[in-house]
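*Asks:* Based on what follows, work out the 3D shape:
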Amino acid sequence: MAVRDAALTILQQHDVTVVEERNRWRGPGYRGINVRLATRDHRRFEIQFHTPESYAANKATRGQYEERRLETTSPKRRDELDVAIDAAFDDVPIPPGAVP
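*Replies:* Okay, here's the model as predicted:
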């Protein structure tokens with residue numbers, strides 16, 4: 001959490017505002033922290049905070065995630081993708097201090 005805190009402090013010192021933060025270290029599936037931000041001139045962007053293990057799982061499941069997002073993906077296929085994505089993140093260790 002120290003890296004997250006330091007990064008957000010620096011960004012806020014440059015008039016970047018945190019719009020939304022989602023701590024996804026609990027539960028099944030994707031693990032990491034996603035922070036949505038906005039600049040003074042209302043440009044929005046997102047930063048993801050990962051450990052090496054969660055980043056590797058994120059990269060490994062990116063194609064599955066993109067397929068799952070498609071409107072043309074059937075509910076059955078979405079369920080299959082959810083199971084595969086969850087399995088990829090099951091062994092990702094939760095870093096100390098990541099879960100409030």
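
*Asks:* Where is the longest helix in the protein?
*Replies:* Longest helix of the chain, by residue count under DSSP state H: helix 52-69.

*Asks:* List the contacts of it.
*Replies:* Here helix 52-69 makes contact (CB atoms under 8 Å, 6 or more residues apart in numbering) with 30-32, 48, 50, 73, 77-78, 81-82, 84-85, 88-89, 91-93. C-betas here are computed from N, CA, C, even on glycine.

*Asks:* Stretch 21-34 now?
*Replies:* Applying CB under 8 Å, 6+ apart, the contact partners of stretch 21-34 are 4, 35-36, 46-51, 54-55, 57-58, 61, 65, 82, 85-86, 89-90, 92, 94-95, 98-100.

*Asks:* Please flag which of those residues sit within strands.
*Replies:* V35, R36, E46, I47, Q48, F49 (DSSP state E).

*Asks:* Narrow these to just the buried residues.
*Replies:* With burial judged by 16 or more other CB atoms under 10 Å, the buried subset of the ones in strands among the contacts of stretch 21-34 is V35, I47, F49.

*Asks:* What is the nearest of those to V19?
*Replies:* V35 (8.3 Å; CB to CB).

*Asks:* Out of the contacts of helix 52-69, name the ones that lie in helices.
*Replies:* Mapping the contacts of helix 52-69 onto helices (DSSP H) picks out R77, R78, L81, D82, A84, I85, A88, F89.

*Asks:* Return the distance of the first one relative to V83.
*Replies:* Counting by CB to CB, to the nearest Å, the gap from R77 to V83 is 11 Å.

*Asks:* That'll do, ta.
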